[in-house]
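Engineer: Provided below for reference: sequence and predicted model.
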Amino acid sequence: MSIPTLHTMKPPHLSITEYAVLGILASRPNHGFALSKELGRNSDVGKIFTVRRPLVYRALNRLVDAGYAEPVATEKGTAGPQRVIRHATLAGRERLKRWLEEPEEHIRDLRIGFLLKLALLLRAQRSPMNLIKKQRRVLDDTLLALESSTTEPTDHVELWRLHNATAAVAYLDELEGTYTEN
């Protein structure tokens, strides 16, 4: 029986919370408390996807365990223990880059997944055009399938999906006119 090596092992699955933390961490090294503020309800990313502080720390630990983040320094906490400053590793940045380029497969995932990717791309001062165009192609296929469906118009779920897909396409068209390619 052979033991899998780092090169043959499948990378660990990352949750959307872990990608959110990694995306913010990739913009600059920081500690968990500051990251939790950046994922709080009133932040640019938090208004899309809010993450409570314990989940930020859990995500940080998982990212470190996976080799996607590592400690780089400590600083004195204002009222508690020292804070560990972490940064995204090269492997973490590469994993994040791949994820940011992947369109969402389901209409329901645009509300959080796509908007989070868009916010993180803009935060990194990267053009979102590639993602927008890929997402549009996925939605075009979905919309075509929904429009050509033989499902009865009384099927409220399919009707909901059709209206959401139509609205999402209009949204992506407007976004495409807003941003330029880099």
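Structural biologist: Cool, got the structure. Keep in mind that what you see is a predicted model, and the values were worked out from it rather than measured.

Engineer: Residues in contact with the longest helix along the chain: which ones?
Structural biologist: Longest among the helix segments of the chain by residue count, using DSSP state H, is helix 156-178. For helix 156-178, contacts defined as Cβ atoms under 8 Å, 6 or more residues apart in numbering pick out 107-108, 110, 118, 128-129, 132-133, 135-136, 139-140, 142-143, 146-147, 149, 151, 153. Every C-beta, even on glycine, is put in place using the N, C-alpha and C of the backbone.

Engineer: Next, find the distance separating A91 from A66.
Structural biologist: 8 Å (Cβ to Cβ, to the nearest Å).

Engineer: With neighbour numbers in mind, choose between those two.
Structural biologist: Applying other Cβ atoms under 10 Å to A91 and A66 shows that A66 carries more neighbours, namely 18 against 14.

Engineer: Was I right to think the more buried one contacts S15?
Structural biologist: No. A66 is beyond contact range of S15, at 11.5 Å (criterion: Cβ atoms under 8 Å).

Engineer: Give the residues shared as contacts by the two.
Structural biologist: What both A66 and S15 touch, as defined by Cβ under 8 Å, 6+ apart, is an empty set.

Engineer: Any regions of the protein where pLDDT drops low?
Structural biologist: For the chain, residues meeting the criterion pLDDT under 70 lie at 1-9, 150-153, 181-182.

Engineer: all helices for it, in order.
Structural biologist: Under DSSP H, the chain gives helices at 16-27, 32-38, 53-66, 90-100, 115-123, 129-147, 156-178.

Engineer: This structure - how does it break down into domains?
Structural biologist: Following automatic domain parsing, one finds the domains of the chain at 16-100, 108-178.

Engineer: okay if I get those domains as TSV plus distance to K10?
Structural biologist: Shown next, in TSV, are the domains of the chain (distance: least, Cβ to Cβ, whole Å):
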stretch	distance to K10
domain 16-100	11
domain 108-178	21
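
Engineer: hey, which of those domains is tucked in deepest?
Structural biologist: domain 16-100 (a mean of 17; mean count of other Cβ atoms under 10 Å).

Engineer: what distance separates it from the centre of its chain?
Structural biologist: When C-alpha coordinates are averaged (Cα atoms, centre = their mean, to the nearest Å), domain 16-100 and its chain have centres 13 Å apart.
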